[in-house]
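> can you look at this prediction? I've put the sequence above it.
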Amino acid sequence: MVFLDYAAAFDSPDRERLYEVMKADGLPSKYVNLLREMNRDSKAVVRTGAGRSEPFDVQTGVCQGSVAGPIMFNYVIDNILHRATEGVTDGILLWPSDKILCDLEYADDIVLFAQNTPELQRLIDRIVTFSDAYGLKLRPDKCKQLSVSATPAQPLHIYGEPLEIVDSFCYLGSVVTNTGSFEADIKQRVAKATAAFNLLSRCLWSTSIDSSTKLRVYLIAIRPILLYGSETWSAPSGILSQLNVAERRFMRRMLGYRWPDTYSNEQLYAKVDAIYSKIRHSPSTLPPPSSVVAANRLRLLGHIFRRPPNRLSQLAVRFRGAPSWRRLPGSG
């Protein structure tokens with residue numbers, strides 16, 4: 001697989017080509033004309049410590065921060081990927097269906113899939129061609145290649161430059177590895193939650209702030225970071241227990257427990273549950289992170305299985321690999 005990165009993605013699309021795409025996709029002319037007028041004669045300035053530069057014309061790109069900007073950009077990316085993958089038979093067969101998965105994208109965060117290096121190189125070349133036509137340029141130094149193969153991967157090229165081959169990549173905030181393990185992602189979650197906890201240490205470590213207030217802050221600001229992306233985790237209990245260990249460490253600090261004080265985990269949970277019950281105004285037990293992960297996974301599966309059976313999410317969940325597929329040694 002290859003993770004693509006565009007240079008100045010939102011600032012680069014050719015506007016006239018963009019308006020043509022919007023018309024071709026069926027957007028009424030009055031809306032296309034309205035967007036055209038909104039972007040006509042647009043200018044920008046550069047603000048520095050010495051003041052502002054003279055205004056200069058901006059003739060490409062879409063306005064970041066506006067309501068219409070992301071929608072307009074999606075027209076460009078959708079058209080590029082649609083044309084680049086049209087008729088492509090290379091990719092991952094979601095057996096037992098006949099659906100071929102060759103790309104996933106969220107705005108300009110794009111990942112491509114193929115069974116082998118030549119197939120993937122052909123797909124990259126097509127995307128480069130259609131991207132260039134819209135004024136978008138890929139950054140070879142930021143694009144990464146990740147291979148799930150028992151044999152050494154051959155480097156792919158963009159604009160003649162070889163791509164870096166990596167063992168893991170952070171895509172949409174989650175770590176993807178060449179072994180399919182979630183351990184690296186969970187370790188990253190613990191590290192990010194710890195960093196966020198330390199940023200709020202003046203609040204969470206303070207003895208002058210009520211424990212229920214600190215627990216509310218933790219549940220709102222820290223725990224979502226710890227459990228980000230947990231709906232997709234498929235990890236053994238031993239790895240998930242790292243989340244529980246991290247949360248117990250946070251709770252001990254919030255409650256003012258310091259070495260050499262000795263409090264068992266049972267005593268800690270009893271204290272936390274008492275505070276949580278106060279917040280909920282009824283007897284309640286704060287579920288540990290590992291239990292929340294299980295609930296999150298079940299909730300996501302419920303959403304997926306309520307969708308039509310031909311949707312990509314259902315096909316991906318039901319995917320079991322073609323009969324000829326074999327699991328790589330050490331892939332879990």
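Yep, that arrived. Numbering: from 1, shown residues only.
> residues in contact with the helix or strand harbouring Ala84?
Using DSSP states H and E, Ala84 falls within helix 68-85. Helix 68-85 is contacted by residues 9-10, 13, 17-18, 21-22, 25, 35, 38, 62-63, 102-103, 105, 107-108, 110, 123, 126-127, 129-131, 134, 136 when judged by CB atoms under 8 Å, 6 or more residues apart in numbering. C-beta: built from backbone N, CA, C; applies to glycine.
> quick one, which of the residues you listed are buried?
Among the contacts of helix 68-85, those buried by neighbour count (16 or more other CB atoms under 10 Å) are 9-10, 13, 17-18, 21-22, 35, 62-63, 102-103, 110, 123, 126-127, 130-131, 134, 136.
> rewinding a little: got the CA positions of the helix holding Ala84 in CSV?
C-alpha atoms of helix 68-85 as CSV (Å, rounded to 0.1, in the frame of the first residue of the first chain):
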residue,chain,number,x,y,z
ALA,A,68,-17.7,25.8,0.6
GLY,A,69,-13.9,25.1,0.5
PRO,A,70,-13.9,21.4,1.6
ILE,A,71,-16.9,20.7,-0.6
MET,A,72,-15.2,22.2,-3.6
PHE,A,73,-12.0,20.3,-2.9
ASN,A,74,-13.9,17.1,-2.6
TYR,A,75,-15.1,17.6,-6.2
VAL,A,76,-11.5,17.7,-7.3
ILE,A,77,-10.3,14.7,-5.4
ASP,A,78,-13.3,12.6,-6.2
ASN,A,79,-12.9,13.3,-9.9
ILE,A,80,-9.2,12.5,-9.8
LEU,A,81,-9.7,9.1,-8.0
HIS,A,82,-12.7,8.2,-10.1
ARG,A,83,-10.9,8.7,-13.4
ALA,A,84,-7.7,7.1,-12.1
THR,A,85,-9.4,4.0,-10.8
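> in it, what counts as buried?
Using 16+ other CB under 10 Å as the test for burial, helix 68-85 gives Met72, Phe73, Tyr75, Val76, Ile77, Asn79, Ile80, Leu81, Ala84, Thr85.
> could I get the CA-only coordinates of stretch 196-214 as CSV?
Below are the C-alpha coordinates for stretch 196-214, written out as CSV (Å, rounded to 0.1, in the frame of the first residue of the first chain):
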residue,chain,number,x,y,z
ALA,A,196,-2.5,15.7,27.2
PHE,A,197,-2.7,14.8,30.9
ASN,A,198,0.6,16.5,31.6
LEU,A,199,-0.6,19.6,29.8
LEU,A,200,-3.6,19.8,32.2
SER,A,201,-1.5,18.9,35.2
ARG,A,202,-2.1,22.2,37.0
CYS,A,203,-5.8,21.4,37.0
LEU,A,204,-5.7,17.6,37.4
TRP,A,205,-3.0,17.6,40.1
SER,A,206,-4.3,20.5,42.1
THR,A,207,-5.5,19.8,45.6
SER,A,208,-7.7,22.9,45.6
ILE,A,209,-10.0,21.5,42.8
ASP,A,210,-12.8,19.1,43.7
SER,A,211,-12.2,15.5,42.6
SER,A,212,-15.5,15.3,40.7
THR,A,213,-14.4,18.3,38.6
LYS,A,214,-11.1,16.7,37.8
